[in-house]
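Engineer: Predicted model and sequence below, questions to follow.
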Amino acid sequence: MDFTHHYDSPLGGITLASDGDALIGLWFDGQKYFADTLNKAAEEKPLPVFEKADQWLNIYFSGKAPDFTPKLSMRTTAFRKKVWEIMLTIPFGQTMTYGQIAETVARQMNLPQISAQAVGGAVGHNSISLIIPCHRVVGTNGSLTGYAGGIDKKIRLLQMEGADTSKFFIPISHAPRTVSSSH
């Protein structure tokens, strides 16, 4: 059985999910692919892993990098798991490109290359947002695309982490605009 918990963040409601032992999901309410790894028969229940996740989120939303990670269980394919594990290595306030992740996965799998688009699909289906920081993944050219929680949240999360967002842009009708920094 799966269990759920709700967290009120400064950016909106967050639903967390657990298998009773580890975190299996963390989604902004209403985001794309919301609850895609959650069994239909889930019940709301307080659990130690939710307490840990709440502590992590409280630290994170205070603008600091948490120094621990709640126990995670990635319900996904082997390929996506590799991508998600790489995202876990992206430091607070920094970014990595889809291409850099593709190169790392290709090296790990002993392949000549992996497409950045395949990586983009894996990043977009990340079911444990924030803790597995898919918001820190950007296009090679600085484009802010592909965040299931919405580009506005991606920008706010990067700014909250102190990332220099002035080098990024939002692609709108082929007329890019830059993102102003809040520093």
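Structural biologist: Great, that's in hand. Numbers count the residues shown, from 1 in each chain.
Engineer: quick one: pLDDT of residue 166?
Structural biologist: For residue 166, the pLDDT comes out at 87.
Engineer: same deal with the one 10 residues further on?
Structural biologist: Looking at residue 176, its pLDDT stands at 45.
Engineer: pretty sure residue 7 is in contact with residue 17, am I right?
Structural biologist: No. With contact defined as C-beta atoms under 8 Å, residue 7 does not reach residue 17; the gap is 11.6 Å. Where C-beta positions appear, they are placed from N, C-alpha and C, glycine not excepted.
Engineer: Those two: which is more packed in?
Structural biologist: Taking neighbours as other C-beta atoms under 10 Å, residue 7 and residue 17 compare with residue 17 leading, 25 against 17.
Engineer: in what helix or strand does the more buried one lie?
Structural biologist: Per DSSP states H and E, residue 17 falls inside strand 12-18.
Engineer: by contact count, what packs against that strand?
Structural biologist: Under the contact definition 3 or more C-beta pairs under 8 Å, 6 or more residues apart in numbering; DSSP states H and E, strand 12-18 sits against strand 2-9, strand 23-28, helix 48-61.
Engineer: Of all those, which one is nearest residue 79?
Structural biologist: strand 23-28 (18.1 Å; C-beta to C-beta).
Engineer: average pLDDT for the closest one?
Structural biologist: Mean predicted confidence for strand 23-28 is 95.
Engineer: Check which helices and strands the helix or strand immediately after it in the chain is in contact with.
Structural biologist: Scanning forward in sequence from strand 23-28 by DSSP H and E, the next helix or strand is strand 42-44. Counting contacts by 3+ C-beta pairs under 8 Å, 6+ apart, strand 42-44 is packed against strand 2-9.
Engineer: between the strand it packs on and helix 48-61, how big is the angle?
Structural biologist: Here strand 2-9 points in a direction 20 degrees away from that of helix 48-61 (axes from the mean of the first three to the mean of the last three C-alpha atoms, to 10 degrees).
Engineer: partners of strand 2-9, with directions?
Structural biologist: Applying DSSP bridges, strand 2-9 is found paired with strand 12-18 (antiparallel), strand 42-44 (parallel).
Engineer: Tabulate the CA atom coordinates of the first one in CSV.
Structural biologist: Only the C-alpha atoms of strand 12-18 are listed here, as CSV (Å, rounded to 0.1, in the frame of the first residue of the first chain):
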residue,chain,number,x,y,z
GLY,A,12,2.1,26.0,-3.6
GLY,A,13,0.9,22.7,-2.3
ILE,A,14,3.1,19.6,-2.5
THR,A,15,1.9,16.0,-2.3
LEU,A,16,4.4,13.4,-1.1
ALA,A,17,4.0,9.7,-1.4
SER,A,18,5.7,6.7,0.3
